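Enquirer: got a structure for you, letters missing:
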């Protein structure tokens, strides 16, 4: 039997109080798990809000002698952007040297995902990212093309 202590605030640590706390804790944990399945966007109640993710595609023209320098500095830029609000992930792909068609002029393609276009603009307009972008030694300007992500199966795990 629990020892009941009494003070000016009333009776505490009763069986009734502990039962209510256990029930509340289990209810909170269950509700939290089912309403927030995505840890990156914990503040959105699932499915009341639409998950807003955008992909930004960059095409990079780099001189062959600057490839190593570019790869080193694009990693620095990516590491900085990882610390910014709204960042998803980055993929940088090296294109085949024998590529034909519209991608023949480019050596690399970068895909960044952000939850919001304004957060991406804010992160890239910072002085640190502008210094890193200026140090990439690109032949073309650093411009991004924005796309709305329609299907994303990156977190899907088949049974």
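Expert: The structure has been received and is ready for your questions. Remember, it's a predicted structure, so these values are computed and weren't measured experimentally.

Enquirer: Show the contacting residues for residue 85.
Expert: 119, 122-123 (C-beta atoms under 8 Å, 6 or more residues apart in numbering). The way it works is simple: take the backbone N, C-alpha and C, and place the C-beta from them, glycine included.

Enquirer: Got the phi and psi for it?
Expert: Torsion angles at residue 85 (phi, psi; degrees, to the nearest 10) stand at phi -70, psi 140.

Enquirer: OK, contacts around the closest residue in space to residue 84 that isn't next to it in sequence?
Expert: Using C-beta to C-beta, 6 or more residues apart in numbering and skipping the chain neighbours, the partner closest in space to residue 84 is residue 123 (3.9 Å). Taking C-beta under 8 Å, 6+ apart, we find residue 123 in contact with 81, 84-87, 114, 129.

Enquirer: try 7 Å
Expert: 81, 84, 87, 129 (C-beta atoms under 7 Å, 6 or more residues apart in numbering).

Enquirer: Tell me which two of those sit farthest apart.
Expert: Pairwise distances across the contacts of residue 123 (C-beta to C-beta) peak at 11.4 Å, for the pair 87 and 129.

Enquirer: Please enumerate the shared neighbours of these two.
Expert: Common neighbours of residue 87 and residue 129 (C-beta under 7 Å, 6+ apart) are 81, 123.

Enquirer: For the spatially most central residue of the chain, what are phi and psi?
Expert: Centroid-nearest residue in the chain, with C-alpha atoms, centre = their mean: residue 88, separated by 2.2 Å. Main-chain dihedrals, residue 88, degrees, to the nearest 10: phi -100, psi -80.

Enquirer: Distance from whichever strand or helix holds residue 89 to the middle of the chain?
Expert: Assigned by DSSP states H and E, residue 89 belongs to strand 87-94. Between the centre of strand 87-94 and the centre of its chain there are 11 Å (C-alpha atoms, centre = their mean, to the nearest Å).

Enquirer: So which bits of it are buried?
Expert: For strand 87-94, burial by neighbour count (16 or more other C-beta atoms under 10 Å) applies to 87-88, 90, 92.

Enquirer: And stretch 104-111, by the same measure?
Expert: Neighbour-count burial for stretch 104-111 [16+ other C-beta under 10 Å]: 106-108, 110-111.

Enquirer: And the furthest pair within these?
Expert: Every pair of the buried residues of stretch 104-111 checked by C-beta to C-beta; the farthest is 107 and 111, at 15.1 Å.

Enquirer: thinking again about what came up before, between the contacts of residue 123, which is nearest residue 97?
Expert: residue 81 (27.7 Å).

Enquirer: Many thanks, we can stop here.
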